[in-house]
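Undergrad: Quick one, fold the following:
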Amino acid sequence: MGAAVLSRRTLVFAAVSAVFMGGVAAASAGVKWYVGHKPREYDGWHRIAWPFPRDGWDEGQAWQGHGLDLYVRPKLGFCGNCDTGVVEDSEVERVSDIDLVDPLFAPLEQGQRIQITDLVGRARLYRLRSSGKARYAQAIAVSFNCDLVVAIVVGDAVLDEKARQRARGFLESDPVQLWLNRQLGER
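TA: Numbering: from 1, shown residues only. Down below sits the predicted model:
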């Protein structure tokens, strides 16, 4: 009789353990699905939809964070001078897509040389005038061989050097660089 009771206890314990393990597995699968489908955030930046109309170039990626909007896209084979890259402010205006943000952009000052990872080019600050309210942006155009990567940082905080450095740091981060490397590597 003692053996039959022990066997029942073992069966009950095994059934409870199986139900518990099934619950843990289901919870784990639910967490895995949620993590895979929730919007990703990286150091305060999260992806948003590409807001610009379709043109001759592929869509880029758009991000928001720290009071700024950041738009990035490669333009493969578009660099005007493959030997020197982007070295003049007029080139920044021509290639950066600043006109997509606001066709009435006006430069605030001379551009500066900039380096994003191993890509070199220029960045320039602009005042955006279409909305009637003053808004600001920084256009960035960097190149490698004959490929361009253009970025626009939009927001009043762009006037602050620390905010521009934060945006630049995000441009150099894994989420952006892995995506750009895939785009540049598909050539």
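Undergrad: rest of the way, CA atoms for contacts and neighbours
TA: Noted.
Undergrad: Quick one: low-confidence residue ranges for this protein.
TA: Within the chain, the stretches falling below the threshold (pLDDT under 70) are 1-6, 13, 20, 22-41, 79-80, 83, 186-187.
Undergrad: So which residues of it form helices?
TA: 2-37, 89-95, 98-101, 161-171, 174-185 (DSSP state H).
Undergrad: Quickly list the domain ranges of this protein.
TA: With automatic domain parsing as the criterion, the domains of the chain are listed as 1-38, 44-185.
Undergrad: so of these, which one's packed in deepest?
TA: Neighbour counts (mean count of other Cα atoms under 10 Å) averaged over each of the domains of the chain peak at domain 44-185, with a mean of 17.
Undergrad: Can you check the distance spanned by that domain, start to finish?
TA: Domain 44-185 has its terminal residues 28 Å apart, counting by Cα to Cα, to the nearest Å.
Undergrad: Next, the contact list for the nearest residue to residue 69 once chain neighbours are set aside, please.
TA: Once flanking residues are discounted, residue 69 sits nearest to residue 154: 5.1 Å by Cα to Cα, 6 or more residues apart in numbering. Contacts here follow Cα atoms under 8 Å, 6 or more residues apart in numbering; on that basis residue 154 touches 68-70, 135-138.
Undergrad: Would you confirm that residue 114 contacts residue 120?
TA: Yes - here residue 114 reaches residue 120: they are 5.9 Å apart, a contact under Cα atoms under 8 Å.
Undergrad: Now for those two: what residues contact both?
TA: Overlap of the contact sets of residue 114 and residue 120 (by Cα under 8 Å, 6+ apart) consists of residue 142.
Undergrad: I'd like the distance between residue 165 and residue 116.
TA: If you measure residue 165 against residue 116 using Cα to Cα, the figure is 11 Å.
Undergrad: do residue 53 as well
TA: According to Cα to Cα, residue 53 stands 26 Å off from residue 116.
Undergrad: what do you get for residue 72?
TA: Residue 72 sits at a distance of 12 Å from residue 116 (criterion: Cα to Cα).
Undergrad: Equivalent analysis for residue 9, please.
TA: Using Cα to Cα, one obtains 66 Å as the distance from residue 9 to residue 116.
Undergrad: and what of residue 168?
TA: Taking Cα to Cα as the measure, residue 168 falls 7 Å from residue 116.
Undergrad: swap in residue 85?
TA: Spatial separation of residue 85 from residue 116 under the definition Cα to Cα is 13 Å.
Undergrad: Between those two, which contacts overlap?
TA: By Cα under 8 Å, 6+ apart, residue 85 and residue 116 have these common neighbours: residue 142.
Undergrad: picking up where we left off before, farthest pair within the contacts of residue 154?
TA: Pairwise distances among these were taken by Cα to Cα; the largest, 14.1 Å, belongs to 70 and 135.
Undergrad: Report the beta-bridge partners for the spatially closest residue to residue 51 that is not a sequence neighbour.
TA: Distance criterion Cα to Cα, 6+ apart; nearest residue to residue 51, sequence neighbours excluded, is residue 62 at 7.8 Å. For residue 62, the beta-bridge partners are residue 48, residue 71 (DSSP bridges).
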